[in-house]
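1. build me a model:
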Amino acid sequence: IDKEMYSKDSAYTLMDLAEDDTNIEETVLNKIMVQQLMDMLESKERKIINLRYFKNKTQSQVAKEMGMTVIVTDHHDIPKELAKADAVVNPKQSDCPYPFKGLCGAAVAFKFVQLLYEQMGIPVEEADEFLENVGFATVGDVMDLQDENRILVKIGLEMLNHTKNLGMRALILQNQLQPGELKAHHIGFRIGPCLNASGRLDTAQRSLRLLLSEDVLEAGTLAAELVSLNEERKDMTALAVEDAKRVISENGMEKDKVLVVFLPDCHESLAGIVAGRIREQYDRPALVLTRGEESAKGSGRSVECYSMFEELKKCDDLLLKYGGHPMAAGFSLEEAKIPEFRRRLNENTTLTWEDLTPKVVIDVPMPVDYVSEGLIQQLDCLEPFGKGNEKPAFADHDLEICSARIFGNGSVVRLQLKSKHGTVRDAVYFGEPENLELSIAEKYGKVAAEAVMHGKRQPGVRMHFMYYPEINSYQGNESIQLRITGFC
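-> A predicted model of the protein is given here:
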């Protein structure tokens, strides 16, 4: 219990991702821990405990047997049988009148806190201090930035850019970012993954300690550790993705409309990230399974026209546990049943190859000559961008590639592009350099493509590009930059 942190009027514990669906007796939420938590609360004259992660019926029953008041807050699709709790707070329940169903888990917990404040005579507006966390979580959990979520994220970003949390400030700076310049994509692709990495590879307590730190030096040290851990996670993910592609190729899975890939040696907490990468590369639903202590554990990422949770329900007899929503799900099953699971998902699916054909939608065909700082400032008024409120897609044709260089760990390509009217724009592509090289080779041959990707200008090499204009800030200097989102 000495590792558990608690505030002056509450106690809590965190599960590690690798343990969150094992038997209650084998996790930190066992009877001994429950009793210790209760003793802590009793000593502080608190009688009610809110434990967020009791979604499993057995877990909640254990807690009830220990005399706890169990309150479940959740945002996932409703399972066949709810946990035996004193209250289940989930806007997706059929009898819930709350008008917006797309809240993330942190937002649901925030609503519960607001109600607690009201019931306890605390001004409800005092709960607004948590909006920074709610906005952060909404982006991090890849929720649709529509309706109420847009407001939560907009307010949350404003607060995050002026955060007083020492740990969060340290993590922002460790990511070479500056408070006041943060946007939603910084949460989704820079800061959020660092907080997530500790729970995936070590223990979520590290991230919690960072966010609760009241010492600048300690916060800086913890933030640096999380950034390092996230780099390790990136390397492990890259290896797992390559392994998954090998399994797909060797087993003739390219013809499957739903990919089911078993990676026994992959760290189980990376399964969801790997599934997301495989979905992006193969443009179809992907489910990645790893070897657990008692069974195979999996995580899936889907496409818009395929509800993963509903499809898993059709395989209920094969699964030990499952849950999630249309775009993502987690599950477990016996290893021996994986081949049947793969067969059943593909047999049941109504997906067509037309459904899985990537479609490029351009909002505005716009010459890069028209891009200006004023236009970029106007586009900023449409923020926050993210899932459900994507950035507008612009495109221009026949842009000459004046130069191209690969930076970082091989996933960043910096280019100079020249329009037919002579306007030269800096551009950046965050993606697989080989994809750009292959596209160039299809039009101009392998030799020209290799030369371009090695920084050698090849006059006449022109491509069509999709892009989004932005301001690039570097060492105090600002310049217009095109973020490349597609090419042909």
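2. any idea of the pLDDT on the nearest residue to A328 once chain neighbours are set aside?
-> Spatial nearest neighbour of A328, excluding adjacent residues (Cβ to Cβ, 6 or more residues apart in numbering): R301 at 5.5 Å. The way it works is simple: take the backbone N, C-alpha and C, and place the C-beta from them, glycine included. Per-residue pLDDT puts R301 at 96.
3. against L312, how distant is R301?
-> 13 Å (Cβ to Cβ, to the nearest Å).
4. E225 now?
-> With Cβ to Cβ as the criterion, E225 and L312 are 36 Å apart.
5. higher neighbour count, those two?
-> Counted by other Cβ atoms under 10 Å, E225 and L312 do not tie: L312 has more neighbours, with 23 against 19.
6. helix, strand or coil for the more buried one?
-> Put simply, L312 is helix when judged by DSSP: H, G, I helix; E, B strand; the rest coil.
7. from memory it sits against Y322, does it?
-> Yes. With contact defined as Cβ atoms under 8 Å, L312 reaches Y322; the gap is 4.7 Å.
8. which neighbours do those two share?
-> By Cβ atoms under 8 Å, 6 or more residues apart in numbering, L312 and Y322 have these common neighbours: A329, F331.
9. excluding sequence neighbours, find me the nearest residue to N409.
-> Take N409 and drop its neighbours on the chain: the residue closest to it by Cβ to Cβ, 6+ apart is K234, 7.6 Å away.
10. helix or strand: which one has the one you found?
-> Using DSSP states H and E, K234 sits within helix 216-250.
11. off-centre distance for that helix?
-> The chain centroid and the centroid of helix 216-250 are separated by 14 Å, computed with Cα atoms, centre = their mean, to the nearest Å.
12. check which residues of it are buried.
-> Within helix 216-250, the residues that count as buried by 16 or more other Cβ atoms under 10 Å are 219-220, 222-223, 225-227, 229-230, 233, 236-237, 240-241, 243-245, 247-248.
13. picking that back up, got phi/psi on the residue nearest to A328?
-> The phi/psi pair for R301 (degrees, to the nearest 10) reads phi -130, psi 140.
14. start the count at 253, not 1, going forward
-> Taking 253 as the first residue, the last one we looked at is R553.
15. what pairs with the helix or strand following the helix holding K486, parallel or antiparallel?
-> As assigned by DSSP H and E, the chain's next helix or strand after helix 468-502 is strand 511-514. Counting by DSSP bridges, the strands paired with strand 511-514 are strand 538-543 (parallel).
16. output the strand it pairs with as PDB, nothing but the C-alphas.
-> The C-alpha trace of strand 538-543 is given here as PDB (Å, rounded to 0.1, in the frame of the first residue of the first chain):
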ATOM      1  CA  ALA A 538      -7.400  -5.500 -37.900                       C
ATOM      2  CA  LEU A 539      -7.300  -7.600 -34.700                       C
ATOM      3  CA  VAL A 540      -4.000  -8.400 -33.100                       C
ATOM      4  CA  LEU A 541      -3.600 -11.100 -30.400                       C
ATOM      5  CA  THR A 542      -0.800 -11.800 -28.000                       C
ATOM      6  CA  ARG A 543       0.000 -14.700 -25.600                       C
END
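17. avg pLDDT for stretch 352-370?
-> Rounded mean pLDDT across stretch 352-370 is 95.
18. which neighbouring elements make contact with the helix or strand harbouring A703?
-> Using DSSP H and E, A703 sits in helix 698-705. Applying 3 or more Cβ pairs under 8 Å, 6 or more residues apart in numbering; DSSP states H and E, we find helix 698-705 packed against strand 646-659, helix 685-696.
19. ok, and for it, which residues are buried?
-> Buried, per 16+ other Cβ under 10 Å, within helix 698-705: A700, A701, A703, V704, M705.
20. likewise for stretch 370-384?
-> A379, F382, L383, E384.
21. from V365, how far off is the second one?
-> It refers to F382. 7 Å.
22. ok, P617 next?
-> Remark: distance between P617 and V365 (Cβ to Cβ) = 47 Å.
23. same deal with S584?
-> From S584 to V365 the distance is 32 Å (Cβ to Cβ).
24. so what's D508 closest to, chain neighbours aside?
-> D508 sits nearest to N598 (Cβ to Cβ, 6+ apart), 5.4 Å away.
25. oh, that last question was meant for E702, not what I typed.
-> Closest residue in space to E702, ignoring its immediate chain neighbours: E689 at 7.0 Å, by Cβ to Cβ, 6+ apart.
26. my guess is that neighbour contacts A701, does it?
-> Yes. Using Cβ under 8 Å, E689 is in contact with A701, at 4.9 Å.
27. hmm, back to that, how about the helices and strands packed on helix 698-705 in CSV, adding distance to F717?
-> Supplementary listing: the helices and strands packed on helix 698-705 in CSV, determined by distance: least, Cβ to Cβ, whole Å:
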stretch, distance to F717
strand 646-659, 5
helix 685-696, 10
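28. winner for burial among the ones you listed?
-> Highest mean neighbour count of those: strand 646-659, a mean of 18 (counted as mean count of other Cβ atoms under 10 Å).
29. in the following helix or strand past that one, what's buried?
-> Counting by DSSP H and E, the element after strand 646-659 in chain order, helix or strand, is strand 664-670. Of all the residues in strand 664-670, those buried under the rule 16+ other Cβ under 10 Å are V665, R666, L667, Q668, L669, K670.
30. can I get the residues you listed in a markdown table with pLDDT?
-> Below are these laid out as a markdown table (pLDDT from 0 to 100):
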| residue | pLDDT |
| --- | --- |
| V665 | 94 |
| R666 | 94 |
| L667 | 94 |
| Q668 | 95 |
| L669 | 96 |
| K670 | 96 |
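31. from these, which is closest to K416?
-> Nearest to K416 among the buried residues of strand 664-670, counting by Cβ to Cβ, is R666 at 35.8 Å.
32. show me what contacts that closest one?
-> Taking Cβ under 8 Å, 6+ apart, one finds A656, R657, F659, D678, A679, V680, Y681 in contact with R666.
33. what bridges to it?
-> For R666, the beta-bridge partners are R657, V680 (DSSP bridges).
34. low-scoring stretches of the stretch 353-502 of the chain, by residue?
-> Low-confidence segments of the stretch 353-502 of the chain, defined by pLDDT under 70, are absent.
35. R421 against L429, yeah?
-> No. R421 is not in contact with L429 according to Cβ under 8 Å; the separation is 10.3 Å.
36. can you give me the strands for the stretch 503-652 of the chain?
-> 511-514, 538-543, 548-553, 573-577, 580-585, 616-617, 646-659 (DSSP state E, counting those that start in this stretch).
37. worst average pLDDT in these?
-> Sorting these by mean pLDDT places strand 573-577 lowest, at a mean of 88.
38. for that one, packing partners?
-> Strand 573-577 is packed against helix 560-565, strand 580-585, with contacts defined by 3+ Cβ pairs under 8 Å, 6+ apart.
39. now the ones you listed as JSON lines including distance to A693?
-> Output for the helices and strands packed on strand 573-577, formatted as JSON lines (distance: least, Cβ to Cβ, whole Å):
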{"stretch": "helix 560-565", "distance to A693": "35"}
{"stretch": "strand 580-585", "distance to A693": "35"}
